[in-house]
Structures are given as C-alpha cells and as structure tokens.
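Engineer: Sequence first, predicted coordinates after that:
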Amino acid sequence: MASNGPQETFTVPNVLAAMLTMRSGDTEKKKAAVDYLGRFQKSNDAWTTTISILQNSTEAEAQLFAATTLKGKITYDLGTQVSEADLPALRSQILLLLKKFASGPKPVRVQLCVCLAILAIQMQTWKDVLPTVVSTLGNEVESHACILDFLRVLPEEVTEGRKITLSEEDLAQRTTELLADNAEQVVQLLVNYAQSSPAAATNPQLFDCISSWLREVPVSVIVNSPLMNAVLHGVTDDKSLLAAADCLGIICRETKDVDDNFDTIQVLLPKVVELRSRIQALVDEEDTEGFKAITKVFADAGESWVLIIARQPQHFRPLVECLLECCAMDKEREVIGYTFSFWYELKQYLTLDHYMEARVQLIDVYAKLVDIMLKQLEYPYSDNPNELDLFDGDREQEEKFREFRHHMGDTLKDSCEVMGVAACLTKVHDAIKLWQEKYGNQATPTSVPHWQSLEAPLFAMRAMGRMVESHDSSVLPQIFPLLVQIPISNEKLRFAAIMVFGRYTEWTAAHPEFLEPQFQYIVSSFQTESQEILRAAAQAFMYFCVDCKHLLSPQVVQLQAFYDQILDKLPVSSKEEITEGVAYVVGVQKTEDVYKLLKLYCDPLVQRLMAKANAATENKAKLDLADHINLLTFFVQHVVPYIPSNAENPAVKYWQEVFPILSTILDNFIDFVPICERVCRCWRFMVISYRTAITPLLGPLANKLAAGFTQSKQGCFLWATSAILREFSEDREHVEDGITENIYVFFEAQATSVLRIMSDLPPVDLPDVIEDFYRLLIDALLYYPAKLIPSPLFTPIFQAAISSLALEKQEPVSAALHYIRDLLTYGGTNPAGSGSDLGPAGEQLRQIVKNLLLTQGEALVKQTLAGMMITFPRDCFADGSGVLLGMFELLPAETATWVDRTVRMLPQGTMTPAEADRLLAKIKERLQGGDPANVRQIRVLLQDFTNTYRRRYVAPRDGLGLLEAARFHFSG
C-alpha cells in the first residue's frame, strides 16, 4: 500500500478535542480538525483509539464517530493493517461492544452490527457466525434488539456489498455460507422471537428483519409460516403498521413471477384484500402515513400480479377496486401517486388483443378512474373566486401540485388507451357543459365562479392531446367552439385554454375551419401583462406556425408586423418560440419571395443586434446580445429554399450581407464565451442548412473560425469546423477538388492549434475543447482517412487522446474513446468509414495504424484499464471495454502482455498476485485458437474484472501512482 507519509500519533484526547473543534465557528480551526480526523481515520492507531472511545466515552456523538470510523477501518483497511491471527480478538472486541450498546443508542448499535457483518464477510475462517453472535449476546430482552439489527444488516452488507477486498469466487462462497446456509435457521429464530411475547410480535424490527431476509428465503416459506400472521397482525397495529406494511409489500413483490408463485399468490390475495376495511379507518383517523403504507401494499400487490389480473380479471377485481378506492379517498392527494405505475402496467396488458376480454371487464374501472382524476386535478378552492394564490404563498407546495398533475396526465393517457379517446373526451365535454349550465351565466368580466371545475377538464384535455388522431371528428368539433368562449378574465382558465389550443394544432391543421378563432384567441393573449400567459401564448403561437404553416402562409406579411411589435416585451424563451414559429411560415414561401421576406423579418433583428452590441458593456447586456443572435439562427435553420446547384441561393445571398456584422460582433466580444458559441452555432447551421450553396462564404468563414479558436481557445469553433468538414468532404456531390483540399488544410491548421494548447495546459483545464476536438476528429477520420492517417499529426493526436482519458468527466472521455475506437477499425479489414472505398491505400493505412499501436498501445491499454477501474464515469465503461476488445483483435499477444503489466501496477493490497494470474490465464485461454467469438468474450472478462475492482476499492488516497497518465507534449 502506498505510504501516507511520516507516522503521526493519534491519542484519544486529541481525537475528542478535534471533534469538539468541529462544533466551533472558526473556519480555519474546523478545516484543520477535518484534516486531522481524516488522517486519523486512515491510520493504524485508529483501531485501538476507536475501541477505547467506544469503551470509555459517554458522549453519544463521540461514540457514533468511533463506531463509524471502525466500520470504515474494517471495510477498507482490514486486509492491510490487521493480521489474520488478530481477527478473532477483533471479533471478540466488537461482540463485547455490542453487548455494551445492546440497549442503545440505536445509531451506535447499528454501526457496530454493520462492523460485525463486514468482518464476518471477510473473516473466511469464521464458519459459525450466527450461533456465535446469538450465544454471545445472550437471551436477555435488551439483547434481542441487537440480534435483530445484526440479522437485518447481514444480508444487506453481503448482497449490496461495500468495497470488500475479496475475489468474486471467495465472495460467492462467503455469500452461500452466510446467507443460504443460514436461511432456515434465521426463519426459525424469527418465528421463536415472534411467538415469545405480544410485544415481540408487533416489534417493527421483526418486520425489518423479515424484509431483509426475503431475498434469501423463498417467499412461500414465509407465507406458510407463523411469520405471515405476525405480519398481517402488524399491519393492524398502529405501532408496527409502517414496518409491517413495508414487509407485506416486499412479500408481494417477491411473488412477481406469477407462474412460479401461483399457489402463494392465491394464499396472499384474500389476506391483502381483507385490509380494504383499513382504508376508511385510516382516512377517518387522518393517519396520512398509515394511509400511504396501506396504499403501497395494494400497489405492490397490483404491480406484482398485473399479469395474472389480466388473465383472471374477475377473480382479482377486488384488489383493483382496493386501489380505486385509495384513489377516491385521497382528499389530500398524498397516495394516488403510488397507484400510477399499476394503472400503467395493467394498461399495457389490457390493450393487447390477447386480453380483450379482461379489457371489457375492467373498462368501467378506468372510467371511474377518469372521474376520480378529473376531481383530483382541480386546484384547491377559496372563498374568494378571484384568488389565484391558492397555496398561501407556499411555492414548494404549488410546484408539487403542478408536478403531480403532470403525472396524473400520464395516467389519463393510459385510461384513453383502455377506454378509447372518444370516451375520455366525452367525459371532458360533459364536465365543461356541466360548468356552463351551473355557473356559465354567473361569470363576469371580473369574476368566474368555481373556475376550478372548468380548468380541470381543460388540463385533462391537454394531457390527452397526444392520443388524439388528426382525423378524429367524434367529440372535438363540439368542444372547440366552447373553448374559444372560455372567460379571459381568469388567468388560470386562459392559460389552460391556450395550452389546449397549442396541444391540438395538428388536429386543427386537418380541420382548418377551426383555425381562425383559436389563432385570434392566442394573438389577443399577447396583450396581457401576465408573464405566464405570455409564455403560454408564445409556445402555442409556435405550434400553430409549425403545424399550420401552409394555412398561415397568406398572412406572412401581417405576421411580421405582429412579430416586430410584440418581440421586445417577451422573455427570452418566448422570443425564441415565436421566432421559430414565423421562421417556419417564411420557410414555406415561394423561392422568389425568400430574399425580400428574409430582409423584411431579419433586417429589424440585425438593427436590434447592432444596437445591443454597441450598448453591451455589462455581462447581462452581453448575454442579451448572445440570445438575440440565436433569433437569426432560427431563420437559418428553417428558411431553406430548394435551389438547383448552379443557381444562386436567395437565403445565402441574404446571409452574405449579415456575415460581416456577425464577424464584427465576434471580434469585439471574442473573450465572452456565450457570444462565441451563438455566432458559431449560427454559422454551423448555415453550413448544415445550405450545404454546398454556402461556398461563396466558405473562405471568410474558415478564416474567422481559425482566428477565433486561436484567440479564444473555445471548443465551439471546432464544433462549427466539423460541419464544414462533413459537408465539403471528398464524397459529396457538387464539391470542387480544390475546395476539398483547402478544407483539409484548414482542418490541419485547427488541429495543430489544439495540440499546441493541449501541450501547454493539462486536460483538466480543457474538457470542452477536448470533447469538441475529438468529435471533429471522428468526422476527419470518417471523411479524410487517406489524408489524416499518414499525416505527421496522426501520432500526436493519438497521444493527446490517451492523456485525455485521465479526465473524470464523461463528455470529453467519451469523445476520445469514440475516436480511438473508430481509429482501431482502420487497423482491420472493416474500417468505420467502410462506405468509402479506400482502394490500394487501405493496406498502407492498416500498417500505419498497427505501427502506431505497437509503439503507443501499452500507454493506451494502461490508461483505459486505469479509467475502467478507477477514474472513468460509469457511462464510459462500454467504450473503454470496446477499445480493449479492438486492441485484442488487432494485437492479441501484445495486448495481453500490456494488460498483465498494468494489473501488476495496481496499488499494493488491492489486488493479489493470484487474482492477476487468474485473469491473465482466462485471457490466454480465450486467445488460443484465434476464434473471434472467444476473443470477444475477453471484453466481458475485463468488464467483470474492472467492475469487481471498482466495487470493492476506493480511489487511491495518494493519486494513481504508476497508473498516472503521462503529460502530453507537442513540438509540432
């Protein structure tokens, strides 16, 4: 193990003094105390000091700190700081401490139980764990809590695993010895305890124990034992309700494989349904936690047995009705959310033809569910009908309600699938008509009575929008004329109506007779001062323009006047939405009108842009300028006329006029990242949208991108470069050879600039540049392999990629790994860019790649393995193992040697030589015979190996040692 520096002595008084300092207000002293205690926890002295504190200290905080530290020592340092001969003495000490803390404090007792469990896992010579613990702790009543805690934590520690330094084989054997071999004995212990006294039978610890061991004991054993009655009795007892209900839910979940557990389910079903009477009682008692617990039981049973419910709907209908009753009785909306998953899972089966009969039998349940949800969707009521703050200023509660409504909207969609859209929309229509009949004539310009009962069906209709086909004409033609009459004096009603209109624009496009009144309702809503209404109206306006662009096309000039008038009063996101909307309408105009329409719409934007640029001195104004650049980009994205290759593109003609203005803004704000990113994004979309038609702008664009990166060192310039590289590659049509060559020279200049920066700065300072650089290189390798691979830059680019693998951020590491994986394919016969014929040069490129790997492969293997074992974010594992597989496919013998060397570099004490030998033997076994299928299995081997290592080992305390990445240097 790596040395931790000079030995430091840690005494009990010093440790307790440092803990006392932690409570002080002195920041410097607290930091020093944290550092001191951190060093203490890693030291050899911590063993005796923590035990001494536990034996002698009377302060609960010190006891808990000592117990937690002891747990960490046993987890991480047992194998390196305690000899095997001393393990029995350590076990005896912990057992004595457990006897001392049997009556509490509970947190200390639980930590000591965890200590004993982790020790039991690692102390492989200790074969009689359960008898030893039970006999040592004794049969006193206060010892029972201690034994139950130990029994509860043991399966958790074994199966959920802390970072235990055992091999997979040893851990599997220990798991069998501690759990499977003890399961029957544990059940009998728990039965004996449950029958020992009425108090024991309702002890929450008993149910926690049963829950913990259900993963090891067949569920049928528990269900058919006296423990089942104890659990059911516990659900009726207020003291044990929560723990017993949780246990019963786990029992139900353990029967999820319904075919294997059919007999057990038949025993459980009547027992679970008998709990229905508890629903009303708990609601009457206003026992919210109990109501939640009982609902969770029904939900767990329903979700676990959903398949058999679909098979036998009549037999299991009482359980479904229990869940429906929980939803109906949930006045505070505290428990209905627990049922959503069940309704979804059941819907998945009922909508299959095979279960049509069950659908018919349960369709009335979903109809009742819709009625319940229409009521549950309502905002709280207030004595003042104009009151819109219905949560007494509690924004957290209001946000929770809104989120709840969106989840309920998903369940409404599920109901639509079961019942049919028409049936659900009919319920919405009936609710709207009912409000109109009861309260419609009472609404005034200043007051709308009982608006909550009108707003709820509007929200439900919005939620169902995705389910409605555009050709549907069953109910909507009756609903929409009612919606445009929704009173605009109530903000929440107006918001709901706008959101409905925006949700049904595809339907409106197919029914143009309904467009005008809806669109006018939206447009008139922009006159309000409410920011929420403005945001909703802008979003709906965008959807109308996108889906009804051809219907709105004749109004394109009038739309510009409205757009120009309204733009400055909107928040940023709404500006973007209405800009995207009008851009869609401009995009469908005749080609001959495109240039003048772009001038009509964008010239005012450019004038605003210049005014903002001249005034932008503070960061806020600069951010506003950056956001305004984005508005032009929407026109670049969506106004893309189809023009023959030999004709001038009117859109490009317009953007040539704007380009110098964007260039000047970029020059003036080159040190402000958001503006650089927005300008690059705009230029990148110019290349993507107009492709080779952008050729007239290509020279000045390339110059600005090169100069911009050199000055700013921002990855966005590389991101824009990649678009040029793709669109003007050698295999594109209508691209002159000279242009392709110039583009590649431009790319190499960019790459050289990046390599110089990566040589000057460590990777940790350049994550975004590294990500964008290797995304660019993926394109370069795909489109220009015959130029890139023989290039003098090829080797330093590869070396820089290896050094980038030391980062702990997903995006740059993924980009580098993707580039390396693509590169490795050029060493074989199926390169990533195999769509293009490499011709005779293919063999030459293969040899260059192999030569590179022979010189740089060991560094690549070392860094990839180190990443998979220690530093990589989890999402990078698959690509890391893909790199290693690629290496084994190209250079099997050499890669096996490099893996061997890397594994031997791991910090002392974290990997035994025997484990390393075992891994290498398995790799060599797979390599024999050269079968590609066997070679691919090496990837699985290495994934399992690195996962095991990562699971049981913390990142080194003193850096990676021999596994540290080499610093990249570039002299080109």
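Structural biologist: Nice, I can see it.

Engineer: Nearest the geometric middle of the protein, what residue?
Structural biologist: In the chain, the residue lying closest to the centroid (Cα atoms, centre = their mean) is Asp875, at 11.0 Å.

Engineer: residue contacts, that residue?
Structural biologist: Gln810, Ser814 (Cβ atoms under 8 Å, 6 or more residues apart in numbering). Where C-beta positions appear, they are placed from N, C-alpha and C, glycine not excepted.

Engineer: quick one: it and Leu885, what's the gap?
Structural biologist: Distance from Asp875 to Leu885, counting by Cβ to Cβ, to the nearest Å: 18 Å.

Engineer: Ok, Tyr601 next?
Structural biologist: Applying Cβ to Cβ to Tyr601 and Leu885 gives a distance of 52 Å.

Engineer: Next: Pro445.
Structural biologist: For Pro445, the distance to Leu885 - Cβ to Cβ - is 71 Å.

Engineer: ok, those two, which is more surrounded?
Structural biologist: Taking neighbours as other Cβ atoms under 10 Å, Pro445 and Leu885 compare with Leu885 leading, 21 against 8.

Engineer: Helix, strand, or coil at that one?
Structural biologist: Using DSSP: H, G, I helix; E, B strand; the rest coil, the secondary structure recorded for Leu885 is helix.

Engineer: Show me the strands in this protein, by range?
Structural biologist: Counting by DSSP state E, the chain has no strands at all.

Engineer: Give me the neighbour count for Ser474.
Structural biologist: Neighbours of Ser474 under the rule other Cβ under 10 Å: 14.

Engineer: which residues does the nearest residue to it once chain neighbours are set aside contact?
Structural biologist: Spatial nearest neighbour of Ser474, excluding adjacent residues (Cβ to Cβ, 6 or more residues apart in numbering): Ala422 at 4.3 Å. Contact partners of Ala422, counting by Cβ under 8 Å, 6+ apart, are Asp472, Ser474, Val475.

Engineer: what's the pLDDT at Ala422?
Structural biologist: Looking at Ala422, its pLDDT stands at 92.

Engineer: Check Ser3 too.
Structural biologist: 37.

Engineer: do the one 3 residues further on as well
Structural biologist: Reading off the per-residue confidence, Pro6 sits at a pLDDT of 48.

Engineer: cool, and Gly929?
Structural biologist: 74.

Engineer: Show me the shaky parts of the chain.
Structural biologist: Under the criterion pLDDT under 70, the flagged ranges of the chain are 1-8, 161-165, 167, 383-393, 730-735, 737, 833-839, 909, 951-965, 972.

Engineer: swap the cut-off to 50 and go again
Structural biologist: For the chain, applying pLDDT under 50 flags the ranges 1-6, 957-958.

Engineer: Make sure Leu242 is actually in contact with Pro204.
Structural biologist: Yes: Leu242 lies in contact with Pro204 (Cβ atoms under 8 Å); the separation is 7.2 Å.

Engineer: Can you report how many residues neighbour Val523?
Structural biologist: Count around Val523 with other Cβ under 10 Å applied: 16.

Engineer: now Gln314
Structural biologist: 10.

Engineer: From Pro873, how far out is it?
Structural biologist: In terms of Cβ to Cβ, Gln314 sits 51 Å off from Pro873.

Engineer: repeat for Gln442
Structural biologist: Distance from Gln442 to Pro873, by Cβ to Cβ: 59 Å.

Engineer: Name the residue in those two with the higher neighbour count.
Structural biologist: Just comparing Gln442 and Pro873: by other Cβ under 10 Å the higher neighbour count belongs to Pro873, 14 against 11.

Engineer: Spatially, and excluding backbone neighbours, which residue is closest to the more buried one.
Structural biologist: Nearest residue to Pro873, sequence neighbours excluded (Cβ to Cβ, 6+ apart): Gln810, at 4.1 Å.

Engineer: Next, the contact list for that neighbour, please.
Structural biologist: Pro873, Asp875, Cys876.

Engineer: what's the answer for Ile778, then?
Structural biologist: Ala815, His818, Tyr819, Asp822.

Engineer: same check, this time on Gln750
Structural biologist: Leu705, Ala706, Phe709, Phe717, Leu718, Thr721, Leu776.

Engineer: Ala243 now?
Structural biologist: The neighbourhood of Ala243, defined by Cβ under 8 Å, 6+ apart, consists of Pro204, Gln205, Phe207, Asp208, Ser211, Gly234.

Engineer: How about Val273?
Structural biologist: Taking Cβ under 8 Å, 6+ apart as the test, what Val273 contacts is Pro318, Leu319, Cys322.

Engineer: Out of these, list just those in helices.
Structural biologist: Pro318, Leu319, Cys322 (DSSP state H).

Engineer: Can I get those in CSV including distance to Val272 and neighbour count?
Structural biologist: Converted to CSV, those look like this (distance: Cβ to Cβ, whole Å; neighbours: other Cβ atoms under 10 Å):
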residue, distance to Val272, neighbour count
Pro318, 9, 14
Leu319, 7, 20
Cys322, 8, 23
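
Engineer: closest to Val899 among these?
Structural biologist: Among these, Leu319 lies closest to Val899 (Cβ to Cβ), at 54.4 Å.

Engineer: so who does that closest one touch?
Structural biologist: Contacts of Leu319 by Cβ under 8 Å, 6+ apart are Leu269, Val272, Val273, Phe298, Ala301, Gly302, Trp305, Ile309.

Engineer: Leu98 now?
Structural biologist: Arg109, Leu112, Cys113, Leu116, Leu137, Cys146, Phe150 are the contacts of Leu98 under Cβ under 8 Å, 6+ apart.

Engineer: can you check Phe514 too?
Structural biologist: Phe514 neighbours (Cβ under 8 Å, 6+ apart): Pro477, Phe480, Thr508.

Engineer: wait, the last one sits on Phe544?
Structural biologist: Right, the one you point to is Thr508. Yes: using Cβ under 8 Å, Thr508 is in contact with Phe544, at 7.5 Å.
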